[in-house]
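# Kindly return the folded structure for what I paste below:
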Amino acid sequence: MVEERSFLSRVFNGFNVFLLISITLLCVLPVWYTLVISLSDKAAVSAGQVFIWPKGFTLDSYKAIIGDGQFFRSFFISVLRVVLGAVITLSVVILMAYPLSKTSKEFGPRNILMWLLIFAMLFSGGLVPWYMTMKSLGMINNIWGLVLGGGLPVFNVILVMNFFRNLPKEIEESALIDGAGPWRILFGIIMPLSMPVLATILVFTIVYHWNEFFQALVLMTKNENYPLQSYIRQVAVVVDLSKLDVESVKRSVGLSNQTLNAAKIFISMLPLLIIYPFLQKYFVKGITLGSVKG
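This next block holds a predicted model:
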C-alpha cells in the first residue's frame, strides 16, 4: 500500500527534518568547536581565526595536560565520586521507592513520607544551614561530602516509584503465593523488570555527579581535593597566577589559556559521551513509563 502525501504533509515533514537537524547541530557544534580550539595553534586562537577546522594543528595542549598531575588527581576524584554516588543513590532510591509504590493499606506511613519528600523537594533550608550541617558531620575536605550531599534526589524516587506502581500486580502476587518474601521479590523480580528506569536514574546520577562543581567549592578548602569540574572551573574562570607554581607558569606562557582549557573541557566530556550511547536505549522508555501516574 502506497501512502499518498499531500503538499502540506510534505512541507510539514520537511520542516520537522530541518528542525531536528538544526537542534542536532546546536548540540554537536559546541563540542566540535571545543575540540577544534584544543587542536589549534595558540596564535590562531588568540587572533580569532579558528572556526570549523583546526588551524595550525598541534597537540601541545594535550601534551601539557599529560604533565599536569592535578588534572589527573581531580579526574580520579570525579571517577570515585561517580562510582560511589551511583551505588549509594541507586540503593537509596530503590529501597525508598519500593515501599512507597504500595498503597497506604499495604504500607501505613506512605502518605506521611510522600508529603515529607514533596516538601523537601520544593523547599530548602538554604546554603548556610546545609554547610553547617555538612561541617558538623565532618564532611569538609571529604569525598563523602560530595557523595552524600545530594544522595537522595526526590525526583528520581518519584520516577522509580511510579514505574514500580505500573508493573503488573499479578507478578508479585504469584511470587507471594510461591513463598517469596519482600526482599526476594524486590531483587529477584521487580529490579530485573525495572532495568529501563534504573538505567535512566543511573544516567541522571552519573551526569549530576560528573558535572556538579559548586559543592566542592563550598566543602573543599584545598585545591587538591577538587573534582574535575571544580578544578576546570578554577583554571578556566578564576586564574590566580600567585597560586601557580613555576611549572604551571611556564605552561601558561607556552600555551594559550583558551586552547589548554578547551582541551581540559573536551577530555572532561569524553566519559559521558562514551557512556551515554550504551544507556540511551533504556533512557526514553524509562523516563516515559516512570512518568505515568498509576
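# The helix or strand where Asn13 lies - contacts with which helices or strands?
Using DSSP states H and E, Asn13 sits within helix 7-38. The elements that helix 7-38 packs onto, with contact taken as 3 or more CB pairs under 8 Å, 6 or more residues apart in numbering; DSSP states H and E, are helix 257-290. Heads up, the C-betas are built off the backbone N, CA and C, glycines and all.
# quick check: mean pLDDT across the helix it packs on?
The predicted model gives helix 257-290 an average pLDDT of 72.
# repeat for stretch 200-214
Computed over stretch 200-214, the average pLDDT equals 87.
# Next: stretch 180-190.
For stretch 180-190, the mean per-residue pLDDT is 86.
# what kind of secondary structure is Tyr62 in?
Classification of Tyr62 using DSSP: H, G, I helix; E, B strand; the rest coil returns helix.
# Would you mark the buried spots in the helix holding Asn13?
Thr34, Leu35, Val36, Ile37, Ser38 (16 or more other CB atoms under 10 Å).
# do the same with stretch 99-112
Buried, per 16+ other CB under 10 Å, within stretch 99-112: Pro99, Leu100, Ser101, Arg110.
# what's the offset of stretch 51-60 from the middle of its chain?
A distance of 29 Å separates the C-alpha centroid of stretch 51-60 from that of its chain, computed with CA atoms, centre = their mean, to the nearest Å.
# Using PDB, write out the CA atom coordinates for stretch 52-59.
Output of stretch 52-59 as PDB, limited to C-alpha atoms (Å, rounded to 0.1, in the frame of the first residue of the first chain):
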ATOM      1  CA  ILE A  52      35.200  25.000  11.900                       C
ATOM      2  CA  TRP A  53      38.600  23.400  11.300                       C
ATOM      3  CA  PRO A  54      41.800  23.400  13.400                       C
ATOM      4  CA  LYS A  55      44.300  26.000  12.200                       C
ATOM      5  CA  GLY A  56      48.000  25.200  12.900                       C
ATOM      6  CA  PHE A  57      47.200  21.700  14.100                       C
ATOM      7  CA  THR A  58      49.100  20.900  17.300                       C
ATOM      8  CA  LEU A  59      48.800  18.500  20.200                       C
END
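# Right, I'll leave it there.
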